[in-house]
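give me a 3D structure for the following:
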Amino acid sequence: MNQSNIVEQVIEAVTRVQEASGRTVNDIGADTRPLEDIEGFDSLSGVEASAVLSEALGFEIQDNAFLSQHGRGSLSVSEIAENVQGQRRFRGQFS
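You can find the predicted model right below:
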């Protein structure tokens, strides 16, 4: 699975959480910062989307994938995908 595939999975996870919560889903792209740019998407939504993403990718994502490592800032979809890909590489699950 490459970076663009993971970006698509992140967008799908965010979309599923928004729809399940009855919230509007606007255009989401690689530069979108879900915690800042998507109305109603908060840290709990990030935890839910991380669980959806873990299921889709077939491995447990550590913590909330939507926050920076220190939990002080939100990440863009492409940054989330990079971090997820790095976690998976670290665990030897793909190249």
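
quick one: contacts of the top helix by length along the chain?
As assigned by DSSP state H, the longest helix anywhere in the chain is helix 3-20. Residues outside helix 3-20 that contact it (C-beta atoms under 8 Å, 6 or more residues apart in numbering): 24-25, 28-30, 34, 38, 40-41, 45, 48-50, 52-53, 56-57, 65, 77-78, 80-82, 84-85. Glycine gets a C-beta too; all of them are placed from N, C-alpha and C.

which positions within whichever helix or strand comes after that helix qualify as buried?
Next along the chain after helix 3-20, taking DSSP states H and E as the criterion, comes helix 34-37. By neighbour count with 16 or more other C-beta atoms under 10 Å, helix 34-37 contains the buried residues 34-35, 37.

mind putting those in CSV, distance to Ile61 and pLDDT included?
Putting the buried residues of helix 34-37 into CSV (distance: C-beta to C-beta, whole Å; pLDDT from 0 to 100) gives the following:
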residue, distance to Ile61, pLDDT
Pro34, 14, 96
Leu35, 16, 94
Asp37, 21, 95
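
mind listing what's buried along the longest helix of the chain?
In helix 3-20, counting by 16+ other C-beta under 10 Å, buried: 6-7, 9-11, 13-18.
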